[in-house]
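> Fold the stuff below for me.
(one chain, ligands or ions: 2)
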Amino acid sequence: MRNNETDKLRAYNLLKSRKCIRCLGPVTRGRKNCMNCLKKIATGNKVRGLKNNENGRCYICNALLDVISPASTISKRVKRIRMHCKKCILKKASRIYLGGSNKWKSLLELLDRQNHVCAISGLKIDIGSSATIDHKTPKVLGGENKLENLQWVHRDINLMKRDHTTSEFLLLCTQILNYQKGTGDYTCGADVSLDSIKQLALKQEAVWSLATQ
Ligand SMILES: [Zn+2]
Ligand SMILES: [Zn+2]
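Ligands and ions are numbered 1, 2, ... in the order given. Take a look at the predicted model:
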(Lines give C-alpha, C1' and ligand atoms only; values in the text may rest on other atoms or scores of the structure.)
(Ligands and ions follow the chains in the order given, each with its own letter.)
Protein backbone atom coordinates (compact mmCIF):
# COMPACT_ATOMS: atom_id res chain seq x y z
CA MET A 1 0.00 0.00 0.00
CA ARG A 2 2.73 2.41 1.01
CA ASN A 3 4.72 1.52 -2.10
CA ASN A 4 1.69 2.25 -4.20
CA GLU A 5 1.32 5.69 -2.65
CA THR A 6 5.00 6.58 -3.06
CA ASP A 7 4.70 5.54 -6.70
CA LYS A 8 1.67 7.76 -7.12
CA LEU A 9 3.44 10.72 -5.50
CA ARG A 10 6.50 10.18 -7.67
CA ALA A 11 4.32 10.01 -10.81
CA TYR A 12 2.50 13.18 -9.76
CA ASN A 13 5.74 15.11 -9.17
CA LEU A 14 7.21 13.95 -12.47
CA LEU A 15 4.00 14.92 -14.29
CA LYS A 16 4.17 18.36 -12.68
CA SER A 17 7.81 18.90 -13.62
CA ARG A 18 7.07 17.51 -17.12
CA LYS A 19 9.51 14.64 -16.92
CA CYS A 20 9.06 11.18 -18.41
CA ILE A 21 8.12 8.66 -15.73
CA ARG A 22 10.33 6.06 -17.42
CA CYS A 23 13.51 7.91 -18.47
CA LEU A 24 13.12 11.34 -16.78
CA GLY A 25 13.50 13.01 -20.19
CA PRO A 26 11.38 16.04 -21.15
CA VAL A 27 7.72 15.41 -22.09
CA THR A 28 4.91 17.47 -23.55
CA ARG A 29 2.45 18.77 -21.00
CA GLY A 30 0.00 16.25 -19.54
CA ARG A 31 1.85 13.19 -20.82
CA LYS A 32 3.42 10.55 -18.59
CA ASN A 33 5.98 9.37 -21.12
CA CYS A 34 8.24 10.95 -23.72
CA MET A 35 7.70 10.02 -27.36
CA ASN A 36 10.72 7.71 -27.32
CA CYS A 37 9.42 5.74 -24.34
CA LEU A 38 5.88 5.66 -25.76
CA LYS A 39 7.32 4.02 -28.88
CA LYS A 40 9.26 1.49 -26.79
CA ILE A 41 6.18 0.69 -24.70
CA ALA A 42 4.08 0.22 -27.84
CA THR A 43 6.70 -2.12 -29.34
CA GLY A 44 6.88 -4.05 -26.07
CA ASN A 45 3.08 -4.38 -25.99
CA LYS A 46 3.07 -5.59 -29.58
CA VAL A 47 5.75 -8.20 -28.97
CA ARG A 48 3.93 -9.39 -25.85
CA GLY A 49 0.55 -9.38 -27.63
CA LEU A 50 1.79 -11.36 -30.63
CA LYS A 51 3.50 -13.83 -28.28
CA ASN A 52 0.17 -14.23 -26.45
CA ASN A 53 -1.56 -14.88 -29.78
CA GLU A 54 1.05 -17.49 -30.75
CA ASN A 55 0.17 -19.36 -27.56
CA GLY A 56 -3.54 -19.18 -28.38
CA ARG A 57 -4.12 -16.40 -25.87
CA CYS A 58 -5.70 -12.94 -26.04
CA TYR A 59 -3.48 -10.18 -27.48
CA ILE A 60 -4.38 -7.82 -24.64
CA CYS A 61 -5.20 -9.76 -21.47
CA ASN A 62 -3.50 -13.13 -22.14
CA ALA A 63 -6.72 -15.07 -21.46
CA LEU A 64 -7.05 -18.38 -23.28
CA LEU A 65 -8.93 -17.87 -26.58
CA ASP A 66 -12.10 -19.90 -27.10
CA VAL A 67 -11.66 -20.42 -30.83
CA ILE A 68 -8.31 -20.53 -32.58
CA SER A 69 -8.10 -20.65 -36.35
CA PRO A 70 -5.73 -23.41 -37.43
CA ALA A 71 -2.48 -21.82 -38.60
CA SER A 72 -2.38 -23.82 -41.82
CA THR A 73 -5.55 -22.20 -43.16
CA ILE A 74 -4.57 -18.58 -42.57
CA SER A 75 -2.37 -16.62 -44.94
CA LYS A 76 0.76 -14.73 -43.90
CA ARG A 77 -1.11 -11.45 -43.92
CA VAL A 78 -4.04 -12.73 -41.87
CA LYS A 79 -1.61 -14.27 -39.39
CA ARG A 80 -0.72 -10.77 -38.23
CA ILE A 81 -4.31 -10.03 -37.22
CA ARG A 82 -4.45 -9.57 -33.48
CA MET A 83 -6.74 -12.05 -31.81
CA HIS A 84 -8.67 -10.82 -28.79
CA CYS A 85 -10.80 -12.66 -26.25
CA LYS A 86 -14.55 -11.97 -26.17
CA LYS A 87 -14.29 -9.81 -23.07
CA CYS A 88 -11.62 -7.56 -24.65
CA ILE A 89 -13.67 -7.29 -27.86
CA LEU A 90 -16.74 -6.28 -25.82
CA LYS A 91 -14.66 -3.78 -23.83
CA LYS A 92 -13.42 -2.16 -27.03
CA ALA A 93 -16.95 -2.01 -28.47
CA SER A 94 -18.17 -0.51 -25.21
CA ARG A 95 -15.45 2.15 -25.40
CA ILE A 96 -16.46 3.04 -28.96
CA TYR A 97 -20.26 2.85 -28.65
CA LEU A 98 -20.96 3.60 -24.98
CA GLY A 99 -18.09 5.95 -24.13
CA GLY A 100 -16.33 3.65 -21.66
CA SER A 101 -15.01 0.09 -21.52
CA ASN A 102 -16.74 -0.51 -18.14
CA LYS A 103 -20.15 -0.89 -19.83
CA TRP A 104 -19.15 -4.04 -21.74
CA LYS A 105 -21.55 -6.22 -19.75
CA SER A 106 -24.58 -4.33 -21.05
CA LEU A 107 -23.50 -5.14 -24.62
CA LEU A 108 -23.25 -8.82 -23.68
CA GLU A 109 -26.69 -8.65 -22.05
CA LEU A 110 -28.06 -7.09 -25.24
CA LEU A 111 -26.69 -10.04 -27.23
CA ASP A 112 -28.20 -12.46 -24.69
CA ARG A 113 -31.58 -10.74 -25.05
CA GLN A 114 -31.27 -11.20 -28.82
CA ASN A 115 -30.59 -14.93 -28.26
CA HIS A 116 -27.27 -14.52 -30.09
CA VAL A 117 -28.94 -13.96 -33.45
CA CYS A 118 -28.84 -10.93 -35.76
CA ALA A 119 -31.60 -8.44 -34.85
CA ILE A 120 -32.46 -7.93 -38.52
CA SER A 121 -31.98 -11.28 -40.23
CA GLY A 122 -32.09 -13.88 -37.45
CA LEU A 123 -28.72 -15.25 -38.59
CA LYS A 124 -26.61 -16.79 -35.82
CA ILE A 125 -23.88 -14.39 -34.68
CA ASP A 126 -20.70 -14.77 -32.62
CA ILE A 127 -18.53 -12.18 -30.92
CA GLY A 128 -15.16 -12.00 -32.65
CA SER A 129 -16.41 -13.14 -36.04
CA SER A 130 -19.86 -12.29 -37.35
CA ALA A 131 -21.35 -10.10 -34.62
CA THR A 132 -21.19 -6.33 -35.18
CA ILE A 133 -22.88 -3.40 -33.47
CA ASP A 134 -25.37 -1.38 -35.51
CA HIS A 135 -27.11 1.92 -34.81
CA LYS A 136 -30.88 1.44 -35.28
CA THR A 137 -31.04 5.07 -36.33
CA PRO A 138 -27.72 5.76 -38.09
CA LYS A 139 -25.39 8.41 -36.67
CA VAL A 140 -25.66 10.44 -39.90
CA LEU A 141 -29.41 10.75 -39.21
CA GLY A 142 -28.83 11.88 -35.63
CA GLY A 143 -28.83 8.43 -34.02
CA GLU A 144 -27.02 8.43 -30.69
CA ASN A 145 -24.39 6.22 -29.06
CA LYS A 146 -26.89 4.90 -26.51
CA LEU A 147 -27.76 1.32 -25.67
CA GLU A 148 -31.38 1.91 -26.76
CA ASN A 149 -30.15 2.81 -30.24
CA LEU A 150 -27.83 -0.19 -30.56
CA GLN A 151 -28.46 -3.70 -31.83
CA TRP A 152 -26.25 -6.68 -32.67
CA VAL A 153 -26.35 -7.38 -36.40
CA HIS A 154 -24.54 -9.88 -38.63
CA ARG A 155 -21.47 -8.32 -40.25
CA ASP A 156 -22.75 -8.92 -43.81
CA ILE A 157 -26.21 -7.52 -43.04
CA ASN A 158 -24.59 -4.48 -41.43
CA LEU A 159 -22.51 -3.89 -44.58
CA MET A 160 -25.71 -4.00 -46.66
CA LYS A 161 -27.66 -1.75 -44.28
CA ARG A 162 -25.00 0.97 -44.25
CA ASP A 163 -26.57 4.37 -43.45
CA HIS A 164 -30.20 3.24 -43.70
CA THR A 165 -32.60 3.00 -40.80
CA THR A 166 -33.81 -0.52 -40.04
CA SER A 167 -37.23 0.17 -41.61
CA GLU A 168 -35.66 1.67 -44.76
CA PHE A 169 -33.45 -1.38 -45.06
CA LEU A 170 -36.39 -3.77 -44.60
CA LEU A 171 -38.44 -1.93 -47.24
CA LEU A 172 -35.46 -2.04 -49.60
CA CYS A 173 -35.19 -5.80 -49.06
CA THR A 174 -38.88 -6.37 -49.82
CA GLN A 175 -38.59 -4.13 -52.88
CA ILE A 176 -35.67 -6.26 -54.15
CA LEU A 177 -37.46 -9.54 -53.45
CA ASN A 178 -40.72 -8.45 -55.06
CA TYR A 179 -38.93 -7.08 -58.12
CA GLN A 180 -36.93 -10.29 -58.51
CA LYS A 181 -40.09 -12.42 -58.18
CA GLY A 182 -41.58 -10.41 -61.06
CA THR A 183 -45.14 -11.03 -59.92
CA GLY A 184 -46.08 -7.35 -60.11
CA ASP A 185 -46.88 -7.49 -56.40
CA TYR A 186 -44.76 -4.54 -55.22
CA THR A 187 -44.57 -3.03 -51.76
CA CYS A 188 -43.43 0.35 -53.03
CA GLY A 189 -44.19 0.24 -56.77
CA ALA A 190 -42.37 -1.22 -59.76
CA ASP A 191 -40.06 1.68 -60.48
CA VAL A 192 -40.08 3.56 -57.21
CA SER A 193 -37.25 5.93 -56.20
CA LEU A 194 -35.10 5.48 -53.10
CA ASP A 195 -36.55 8.74 -51.76
CA SER A 196 -40.09 7.39 -51.82
CA ILE A 197 -38.93 4.24 -50.01
CA LYS A 198 -37.42 6.52 -47.35
CA GLN A 199 -40.69 8.46 -47.09
CA LEU A 200 -42.65 5.23 -46.68
CA ALA A 201 -40.18 4.03 -44.02
CA LEU A 202 -40.73 7.26 -42.07
CA LYS A 203 -44.52 6.78 -42.18
CA GLN A 204 -44.15 3.16 -41.09
CA GLU A 205 -41.88 4.14 -38.19
CA ALA A 206 -44.51 6.65 -37.03
CA VAL A 207 -47.12 3.87 -37.05
CA TRP A 208 -44.75 1.53 -35.18
CA SER A 209 -43.85 4.07 -32.50
CA LEU A 210 -47.56 4.86 -31.98
CA ALA A 211 -48.27 1.17 -31.59
CA THR A 212 -45.58 0.74 -28.94
CA GLN A 213 -46.55 3.80 -26.89
ZN1 LIG B 1 11.08 8.61 -21.65
ZN1 LIG C 1 -8.61 -10.39 -23.51
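> Any idea how many residues pack against R29?
By the measure other C-beta atoms under 10 Å, the count of residues near R29 is 6. Every C-beta, even on glycine, is put in place using the N, C-alpha and C of the backbone.
> Give me the nearest residue to it, chain neighbours excluded.
Excluding the flanking residues, the one nearest R29 by C-beta to C-beta, 6 or more residues apart in numbering is R18, at 6.2 Å.
> per-residue confidence for the one you found?
Looking at R18, its pLDDT reads 91.
> Could you double-check that it lies in contact with G25?
No - R18 lies out of contact with G25 (C-beta atoms under 8 Å); the separation is 9.9 Å.
> G128: how many residues sit nearby?
By other C-beta under 10 Å, the residues close to G128 number 15.
> just K161 next, same as before
With other C-beta under 10 Å as criterion, K161 counts 22.
> Correct me if wrong: it contacts I120.
Yes - using C-beta under 8 Å, K161 is in contact with I120, at 7.0 Å.
> ok, G182 to ligand 2 distance?
For G182, the distance to ligand 2 equals 50 Å [C-beta to the ion, to the nearest Å].
> Now do the phi/psi pair for the residue nearest to R29.
phi 50, psi 50 (degrees, to the nearest 10).
> residues in contact with it?
Neighbouring residues of R18 by C-beta atoms under 8 Å, 6 or more residues apart in numbering: P26, V27, T28, R29.
> Spatially, what comes nearest to V117 if we skip its sequence neighbours?
Using C-beta to C-beta, 6+ apart, the closest residue to V117 is K124 (5.7 Å).
> whoops, I mixed them up, N52
Nearest non-adjacent residue to N52 (C-beta to C-beta, 6+ apart): N62, at 5.0 Å.
> correct me, but R57 touches G49?
No - here R57 does not reach G49: they are 9.4 Å apart, not a contact under C-beta under 8 Å.
> Can you pull the domain assignment for this protein?
Per automatic domain parsing, the structural domains of the chain span 86-161, 166-212.
> now the last one: mean pLDDT?
Here domain 166-212 scores 80 as its mean pLDDT.
> How about stretch 82-90?
On average, stretch 82-90 scores 91.
> Now do the end-to-end distance for it.
End-to-end span of stretch 82-90 (C-alpha to C-alpha, to the nearest Å): 15 Å.
> Next: stretch 97-109.
Start-to-end, stretch 97-109 (C-alpha to C-alpha) is 15 Å.
> Let me know how buried L171 is, in neighbour terms.
21.
> Could you double-check that it lies in contact with E205?
No - look at L171 against E205 with C-beta under 8 Å: they stay out of range, at 10.5 Å.
> what sits in contact with each of K161 and I120?
Common contacts of K161 and I120 (C-beta under 8 Å, 6+ apart): D134, V153, F169.
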